[in-house]
Structures are given as structure tokens and as C-alpha cells.
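1. Let me see the structure of the following:
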Amino acid sequence: QLLVYGNTPTDSDLITSFETELHQLAENLVKEFGIIVHTRLMIGNPHDEIARAANVANADLIVVGVAGTHAVRKFFLGATAENVISQAQQPTLVVRHAALTRHASYQQVIAAVDFSPFSSEGLEYACRLAPKADITLAHAFTVEFESKLRFIGATEQDIQHYRRDARYQAQTKIQTLADKLPARLLVTSRLEHGLPEDVLPTLAQEIGADLLVVGKHDTSEIEKLLLGSVTRHLLFEASCDVLVIPERKKDSMSY
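-> Numbering: from 1, shown residues only. Here you go, the predicted structure:
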């Protein structure tokens with residue numbers, strides 16, 4: 001809200017202004033997409049209120065926009081999205097680019113897989129969100145204790161042997177995941193040596209991805225506050241939309 005010197009709006013003025021903008025946005029969505037839209041104006045910390053509203057509405061998905069070129073604006077919107085993801089129990093879609101047409105849909109999707117038990121669930125959710133997209137299963141691998149192997153004198157030939165072995169094991173696992181996906185989908189796989197936070201943004205740009213799907217594991221309270229370093233890095237560095245899927249608890253309902 002723009003505050004002009006000598007004409008500071010009251011809380012009531014601000015609420016009225018925001019309500020007007022919110023209803024106008026809802027009307028535009030109904031007119032453009034022919035969908036049912038409900039509005040709700042909340043007062044408080046954005047991430048707290050968004051997460052609370054999603055729970056109250058039993059939402060399947062939270063959508064947060066990160067737009068604009070101004071560095072400060074991008075920082076605060078990014079921080080809001082990060083905090084929403086940290087708290088939310090639902091998948092969160094962070095949108096960077098507006099759809100060009102009414103019937104636009106995701107065409108190139110990268111699904112980051114780490115072979116954890118909920119990787120398959122994340123893939124299934126991504127397929128429902130982007131049913132017509134080409135799916136690239138991406139896995140970034142490293143050799144366990146590679147730095148220590150170098151420290152104790154392992155040769156470059158030894159390191160390359162361990163990398164080939166790690167790649168082979170990853171390839172077997174990623175094929176198992178791919179085999180579980182619907183046959184109608186065009187699925188490819190990419191295995192790259194390196195850290196996920198380095199590999200995934202580069203790969204997304206290389207193939208022209210418009211959506212990157214990543215999972216968020218349950219972590220300690222401190223890690224929840226800070227958000228996992230990999231997810232946080234991707235949230236700020238990826239040039240495409242990012243879908244973050246939390247690890248589903250055993251006693252929770254299906255999405």
C-alpha cells in the first residue's frame with residue numbers, strides 16, 4: 001500500500017482497499033477461467049495466515065507468487081514463500097511466470113528424485129499437476145566420502161571407478177521409478193555428478209523446464225525454521241516454477 005505524506009490511511013481504509021483489490025482479482029479469475037473463487041482477507045504474518053488458512057480449507061495445494069524484478073520485492077516474496085513451505089503441510093507451488101494463455105499448462109517438468117520412500121508420491125503428484133508434460137527424472141549423485149578417499153591417497157582412477165558404480169546404482173533405482181509412471185507419459189532420466197543445488201538449476205535451464213518438483217523431508221525444529229539448504233537454494237535460484245512436496249506422515253490423509 002502506498003503511503004502519501006499528510007494522507008496516511010487508517011487501518012479501515014487499508015482493509016477496504018485490500019478487500020476491493022481482492023474481490024476484483026476474484027472476478028477476473030472467474031471471468032477468465034470460469035472457476036469458483038472464494039476470497040478471504042487475513043491480518044497477520046503472511047506465512048502464518050496462509051498455512052493456517054490452507055489447513056482450515058483442507059487445501060490440496062498452496063500457490064505462492066514470486067514476481068517482479070525489483071531485488072527487494074523478490075527477496076521479501078521469496079522469504080514469504082520459504083516460510084510458507086517451512087510451515088505448510090500441503091504441497092506448495094511457487095510461481096514465477098504467468099500463464100501466457102488460458103489453456104497453458106506445464107510442458108517440461110524436472111522431478112528431483114533422491115530415492116527416499118516418498119519419491120514415488122511426489123512423482124504421482126507432479127503427474128497430476130502436469131498431465132501433458134514431458135517428465136525428466138533428475139538425480140544428482142556423489143561418491144560417499146570422496147574427499148576422504150582423496151585424503152587417504154585414492155587415485156583418480158579409483159575415484160572414477162566409484163563414480164561409475166554410484167551412477168550404475170542410481171540408474172537402476174531411477175528406472176524402477178520410471179517404470180511406475182503411466183505409459184502415456186514421455187519420461188527421460190538424467191544422472192549428473194554433483195550437488196543437487198548446483199545440478200538442478202543448471203539442468204532446468206538446459207532443457208527449458210517450466211516446473212521443478214522437489215521433496216521436503218521432515219526435519220528438526222531448527223531445520224524447519226531455516227528450511228533445508230537444498231530446497232532453499234532451489235527456491236531462490238531456479239528460473240522456473242518450483243513445486244515443493246512435503247513428506248507425508250503415515251497418519252495423514254492422501255492429497
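
2. hey, where'd the helices end up in the chain?
-> 11-33, 46-56, 71-87, 119-129, 146-151, 156-179, 196-207, 221-226, 229-237 (DSSP state H).

3. Let's have those helices in TSV, adding distance to residue 110 and mean pLDDT.
-> All C-beta spots, glycine's among them, are computed from the backbone N, C-alpha and C. Below are the helices of the chain laid out as TSV (distance: least, C-beta to C-beta, whole Å; pLDDT from 0 to 100):
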stretch	distance to residue 110	mean pLDDT
helix 11-33	26	88
helix 46-56	25	90
helix 71-87	18	66
helix 119-129	9	82
helix 146-151	25	72
helix 156-179	13	86
helix 196-207	5	91
helix 221-226	24	47
helix 229-237	10	77
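
4. Kindly compare burial across those helices and name the winner.
-> Comparing the helices of the chain by mean neighbour count (mean count of other C-beta atoms under 10 Å), helix 119-129 ranks first with a mean of 20.

5. so how far is it off the chain centroid?
-> In this view, helix 119-129 has its centroid 12 Å away from the chain centroid, taken as C-alpha atoms, centre = their mean, to the nearest Å.

6. Let me know the angle separating that helix from helix 156-179.
-> 50 degrees (axes from the mean of the first three to the mean of the last three C-alpha atoms, to 10 degrees).

7. okay, now the residue lying closest to residue 135 once chain neighbours are set aside: neighbour count?
-> Excluding the flanking residues, the one nearest residue 135 by C-beta to C-beta, 6 or more residues apart in numbering is residue 187, at 4.8 Å. Residues near residue 187, counting by other C-beta atoms under 10 Å, number 20.

8. Any figure for the gap between residue 187 and residue 84?
-> 30 Å (C-beta to C-beta, to the nearest Å).

9. Likewise for residue 176?
-> From residue 176 to residue 84 the distance is 32 Å (C-beta to C-beta).

10. same deal with residue 92?
-> 6 Å.

11. Check residue 34 too.
-> Look at residue 34 and residue 84: by C-beta to C-beta, they are 27 Å apart.

12. residues in contact with residue 167?
-> The contact partners of residue 167, taken as C-beta atoms under 8 Å, 6 or more residues apart in numbering, are 141, 191, 193.

13. The same query, at a cut-off of 6 Å, please.
-> Contacts here follow C-beta atoms under 6 Å, 6 or more residues apart in numbering; on that basis residue 167 touches residue 191.

14. can you check residue 46 too?
-> Residue 46 touches residue 80, counting by C-beta under 6 Å, 6+ apart.

15. one more time with 8 Å
-> Per C-beta under 8 Å, 6+ apart, neighbours of residue 46: 80, 83-84.

16. before we move on, what about residue 138?
-> 110-113, 189-192, 199-200, 203.

17. Neighbours of the nearest residue to residue 134 once chain neighbours are set aside, how many?
-> The shortest distance from residue 134 to any non-neighbouring residue, by C-beta to C-beta, 6+ apart, is to residue 186 (4.5 Å). Residue 186 has 10 neighbouring residues, counting by other C-beta under 10 Å.

18. Next, give phi and psi for residue 186.
-> phi -90, psi 110 (degrees, to the nearest 10).

19. surely residue 82 meets residue 235?
-> Yes: at 5.9 Å, residue 82 counts as touching residue 235 under the criterion of C-beta atoms under 8 Å.

20. For residue 252, give me the pLDDT.
-> Per-residue confidence (pLDDT) for residue 252: 43.

21. ugh, typo on my part, it should be residue 2
-> 43.

22. Could I get the contacting residues of the residue nearest to residue 135?
-> 134-137, 178, 181.

23. go with 6 Å
-> 135, 178, 181.

24. confidence score at it?
-> Value for residue 187, per-residue pLDDT: 86.

25. cool, residue 92 as well?
-> We have a pLDDT of 91 for residue 92.

26. go on, residue 8?
-> For residue 8, pLDDT reads 52.
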